[in-house]
Structures are given as C-alpha cells and as structure tokens.
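Trainee: Have a look; sequence and predicted model below, questions after that.
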Amino acid sequence: MSSKLMRTLLDKPYLIWSLLFIIAPLVMVLYYALTDSTGAFSLKYVEAIPSYTSTILLSILYGVFATAICFVLGYPFAYFISKAKLNTQSTIVLLVMLPMWMNFLIRTYSLMTILGDSGIINTVLNALGLESAKLINTGGAVMLGMVYNFLPFMILPIYSVLSKMDHSLIEAAQDLGSNRFQVLKRVVFPLSLPGVLSGITMVFVPCVSTFYITQKLGGGQIVLIGDVIETQFQNANNYNLGASLSFVLMVLILISLGIMNYFGADNENEGGVIL
C-alpha cells in the first residue's frame, strides 16, 4: 500500500468527523441566526444582538480578569515545577491534573459547599465568634470558580514549554553577567511565550462562554453571554436568537485565537501549540 493511499485512508475519518461535528453545527447555527421561527430569511435576531452588548462586554471583562489571575498564579507555579526533580515534577503534575479527573459539576458544587452561607468558611467564622460573610452569589465567587476550574489549563502548557527549554541558554546568559531577574525577563519568558499564549487561549475561551459557573456560584446575579444563550435554547425555545448570540460568541473566540496566533507567530518553532 502506497504512502499516499495510506494518508488518504487515515484522513477520511477525521474529515468525516469534522463535517459531522464541526462544519455541520456551524452551518446550523448560521442558518438559525439568519432565519425566523418559520424558516424564512430574516435579520431580526441579528439586529437584536446590539441590545446584548453590555452582557458581551461583561463576559469579556470576566474572561480577561480570570485569565490574568490564572496567569499570575500559574506561571510561577509552572516555573517552580520545571525546576524540581523529575520525580517531584511527575507528582506535582499529577496533583494539578487530579481535580480535572472529577466531573466539572462536582468541582463547582464543592465550591458551593465551601462558599455557601452555611458552608465551611462561614461555619469556621461563626465558631470563632465572627459574623458570616456573603461569599456565594457574588462576582467574586464566579471569578473564583473560573480560576479554580481553568487554572490547570494555564499551568500545564507553560510547564510543558519550560520543561523542554534549553538550559544552556540560561547558563550563557548568566555567564554574560545577567542576574536572575534579567535571565527570567530576557531568556526564560520569551522562550516560554508559546506556552503562555496557549494557556491564555485555553483559559479565556471557556471563561467567556461559561454559564454553569455563573448559575451556581453567581445565583443569577451575574449574567454572562453563555447564560443568555443557554436560556434561549433551554427555557425560551428561541433557537434563532440563541443561534445569533452563539455566532457572535464564535466570532469572538475566533478573534481571540487569531490574536494569540498572531503574537505567537514568531515563536511557532519553539514548541508551543496555539491553535
């Protein structure tokens, strides 16, 4: 069997999968976005998108802040892991991945148990004679849920790049008189940029589109674009408006991926995966 025929046969399952579960859903979303309830062509629901501008901007704001927090927490931790012994690295990576083995709903419910009005934190505060704190159904609880659930997606790509870094470059910078901060700024961080961009993409995209975290930890007080879309599909049975908003969300995600790829183009050969 020729190599060309082998490649053709291996490509077919992926092409079929892409057509059924990627291209077809996108076409269906576009169809519902550009039609009304009768199936006739209409821009009614597309024209309704500007009325949700504040919700879209709020979703972007939460996504940006959650991504920034994940980066501030994740980069030093990934750097620490890459400097540890190999056995220690394996153990820590396992601990980072361990929460991801649990169902997403269970992880979110565990935060509800911790942050609830009668949760663990308030129980401890009451035992110390302090007043209960309003922790759940707040913007802070939603932000905490995003960071908790998506932090591993920031840590692992950065660690993957840092662990493969050529340490002779660091030694060369030190030999040339660079201190630790200069080495981190001029050598380590630029070389780890592909992993950083991958982590940013992998955290920002689900944060912008999330709806379950806001429902359980926000208590309906925080409404993001994912909540609106979920409501239109599940409760209002308004597939057309839901599809229009979903299409906007997909465009937003593609823009963010394009930006990440653009800034990562100069580092595409360093081992990072952006898209």
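Mentor: All right, it came through fine. Everything numeric here is computed off the predicted structure, so don't read it as measured data. Numbers count the residues shown, from 1 in each chain.

Trainee: Can you tell me which helices and strands the strand or helix carrying Ile81 packs against?
Mentor: Element membership of Ile81, judged by DSSP states H and E, is helix 53-83. The helices and strands touching helix 53-83, judged by 3 or more CB pairs under 8 Å, 6 or more residues apart in numbering; DSSP states H and E, are helix 86-97, helix 139-163, helix 189-209, helix 225-234, helix 239-263. C-betas here are computed from N, CA, C, even on glycine.

Trainee: So, low pLDDT: which residues of the stretch 101-250 of the chain?
Mentor: Counting by pLDDT under 70, the stretch 101-250 of the chain has no low-confidence residues at all.

Trainee: residue closest to the middle of this protein?
Mentor: In the chain, the C-alpha closest to the average C-alpha coordinate belongs to Val203, at a distance of 2.1 Å (CA atoms, centre = their mean).

Trainee: Surely that residue and Phe150 touch.
Mentor: Yes - between Val203 and Phe150 there is a contact under CB atoms under 8 Å: 4.7 Å.

Trainee: list residues touching both of those two?
Mentor: Residues touching both Val203 and Phe150 comprise 66, 70, with contact defined as CB atoms under 8 Å, 6 or more residues apart in numbering.

Trainee: got the buried residues for stretch 25-36?
Mentor: For stretch 25-36, a neighbour-count test (16 or more other CB atoms under 10 Å) marks 29, 32-35 as buried.

Trainee: How much space separates Gly63 from Gly74?
Mentor: Using CB to CB, to the nearest Å, we find Gly63 at a distance of 15 Å from Gly74.

Trainee: So which of these two has more stuff around it?
Mentor: Gly74 (27 against 24; other CB atoms under 10 Å).

Trainee: Spell out which residues sit in contact with the more buried one, please.
Mentor: Residues 151, 154-155, 158, 199 are the ones in contact with Gly74 under the rule CB under 8 Å, 6+ apart.

Trainee: possible to save these as CSV with neighbour count and distance to Met250?
Mentor: Listed next are these as CSV, based on neighbours: other CB atoms under 10 Å; distance: CB to CB, whole Å:
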residue, neighbour count, distance to Met250
Leu151, 21, 25
Met154, 30, 22
Ile155, 24, 27
Ile158, 28, 26
Gly199, 31, 21
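
Trainee: Among these, find me the one that's closest to Asn179.
Mentor: Closest approach to Asn179 among the contacts of Gly74 (CB to CB): Ile158, at 22.2 Å.

Trainee: Report the contact partners of the closest one.
Mentor: Residues in contact with Ile158 (CB under 8 Å, 6+ apart) are 74-75, 78-79, 192, 195-196, 199.

Trainee: returning to that earlier point: buried residues in the helix holding Ile81, which are they?
Mentor: For helix 53-83, burial by neighbour count (16+ other CB under 10 Å) applies to 55-56, 58-60, 62-63, 66-67, 69-71, 74-75, 77-79, 81-82.

Trainee: so it versus helix 225-234, what angle?
Mentor: Counting by axes from the mean of the first three to the mean of the last three CA atoms, to 10 degrees, helix 53-83 lies at 120 degrees to helix 225-234.

Trainee: ok now helix 53-83, how far from the chain's centre?
Mentor: With CA atoms, centre = their mean, to the nearest Å as the basis, the distance from the averaged C-alpha position of helix 53-83 to the chain average is 8 Å.

Trainee: And for stretch 216-229?
Mentor: Centre to centre, stretch against its chain (CA atoms, centre = their mean), the figure for stretch 216-229 is 17 Å.

Trainee: what does stretch 246-262 give?
Mentor: Stretch 246-262 has its C-alpha centroid displaced from the chain centroid by 13 Å (CA atoms, centre = their mean).

Trainee: Pull out the buried residues from it.
Mentor: Neighbour-count burial for stretch 246-262, counted by 16+ other CB under 10 Å, picks out 246-249, 252-253, 256-257, 260.

Trainee: Same check on stretch 154-166?
Mentor: Across stretch 154-166, burial judged by 16+ other CB under 10 Å covers 154-163, 165.

Trainee: Would you format the buried residues of stretch 246-262 as JSON lines with distance to Leu20 included?
Mentor: Putting the buried residues of stretch 246-262 into JSON lines (distance: CB to CB, whole Å) gives the following:
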{"residue": "Ser246", "distance to Leu20": "18"}
{"residue": "Phe247", "distance to Leu20": "19"}
{"residue": "Val248", "distance to Leu20": "24"}
{"residue": "Leu249", "distance to Leu20": "21"}
{"residue": "Leu252", "distance to Leu20": "24"}
{"residue": "Ile253", "distance to Leu20": "20"}
{"residue": "Ser256", "distance to Leu20": "25"}
{"residue": "Leu257", "distance to Leu20": "22"}
{"residue": "Met260", "distance to Leu20": "27"}
